[in-house]
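> fold the following.
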Amino acid sequence: MNQKAYFLSVLVLATIISSCKKEKDPEPIVPGVTYADYGQLKVGNYWIYEQFDVDAAGSATAKNIFDSCYLEKDTVINSINYVKMIKPKPYAMNEKDISFLRDSLHYIINSNGKILFSSEDFTTIFETSYFLAGLEDTVCQIINQMADKDLVIITPAGTFTTSNAKEIYTMYPAWSTAENPRNLHMRYAEDVVLLLKHFRFSYQIRFM
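Residues are numbered from 1 along each chain as shown. Model prediction:
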């Protein structure tokens, strides 16, 4: 596999992202206001995901590959309560990816202050970052923003009303042979959490 193909195949899963810029901090909590639960951040909850390939006609083929994640315990970081989530690392199934998450109003936020989802804020760009193939080789710009509010989707697991925590990958010229821009869709459903995660030709469906 050549270098460009390798970077494109793992682009969405990369952890080496630089020049991040958070566009907006979460709003302060307003007493008495409640929002729909898209996080289900309760210790003991777990999810199993099945992977599918999707052809150009939209037909899905199960890969018989399953991933799982679970909420292990509560923890306090900088005097703020979080829930510890453990899940396998893609392409490294013997390794674990650990994150710490919390609800804040209608936002789901990690311990680094990154907004992962909002059920209400569909105008703010939460973060702009860049993926690098080297110190002076920028592969793409990545923008995180909500989209597709209350979109109804049909999956093998059922029919759900979802909102999309979308990542837009705009490729730089040297890498523009890939589909440009590329969109990563992470569709959440109320009381179900992250239901569907997909590029154009592959996706994961969540089962409880």
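> how about the helices of the protein, start to end?
3-9 (DSSP state H).
> hey, where'd the strands end up in it?
For the chain, the strands defined by DSSP state E occupy 17-22, 46-54, 60-77, 80-89, 92-104, 107-110, 115-118, 125-134, 137-155, 158-171, 182-189, 193-198, 202-207.
> and among those strands, the most buried is which?
Neighbour counts (mean count of other Cβ atoms under 10 Å) averaged over each of the strands of the chain peak at strand 115-118, with a mean of 23. Every C-beta, even on glycine, is put in place using the N, C-alpha and C of the backbone.
> pLDDT averaged over that strand - what is it?
Predicted confidence along strand 115-118 averages 95 (mean pLDDT).
> with stretch 61-78 instead?
What stretch 61-78 shows for mean pLDDT is 87.
> and stretch 160-177, average pLDDT?
Averaging pLDDT along stretch 160-177 yields 91.
> distance between that stretch and the chain's centre?
How far stretch 160-177 lies from its chain's middle: 11 Å, per Cα atoms, centre = their mean, to the nearest Å.
> so what's the residue positioned nearest the centre of the chain up against?
The centroid of the chain falls nearest to Met186 when counting by Cα atoms, centre = their mean (5.1 Å). Neighbour list for Met186: 117, 164-167, 194, 196-197 [criterion: Cβ atoms under 8 Å, 6 or more residues apart in numbering].
> switch to 7 Å and redo it
The contact partners of Met186, by Cβ atoms under 7 Å, 6 or more residues apart in numbering, come to 164-165, 194, 197.
> contact partners for the closest residue to it other than its chain neighbours?
Leaving aside its chain neighbours, Met186 sits nearest to Ala165 (4.4 Å; criterion: Cβ to Cβ, 6 or more residues apart in numbering). Contacts for Ala165 (Cβ under 7 Å, 6+ apart) come out as 116-117, 146, 186, 188.
> coming back round to it: so what's the residue nearest to the centre of the chain bridging to?
Taking DSSP bridges as the rule, Met186 bridges to Lys197.
> give me the below-cutoff pLDDT ranges for this structure.
Scanning the chain for pLDDT under 70 picks out 1-32, 56, 58, 90-93, 178, 199-208.
> end-to-end on stretch 129-138?
Distance across stretch 129-138, first residue to last, is 11 Å (Cα to Cα, to the nearest Å).
> got TSV for the strands of the chain, with distance to Thr34 too?
Formatted as TSV, the strands of the chain follow (distance: least, Cβ to Cβ, whole Å):
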stretch	distance to Thr34
strand 17-22	26
strand 46-54	23
strand 60-77	20
strand 80-89	17
strand 92-104	11
strand 107-110	14
strand 115-118	15
strand 125-134	22
strand 137-155	18
strand 158-171	17
strand 182-189	17
strand 193-198	18
strand 202-207	24
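> which among those strands is found nearest to Val33?
strand 92-104 (11.8 Å; Cβ to Cβ).
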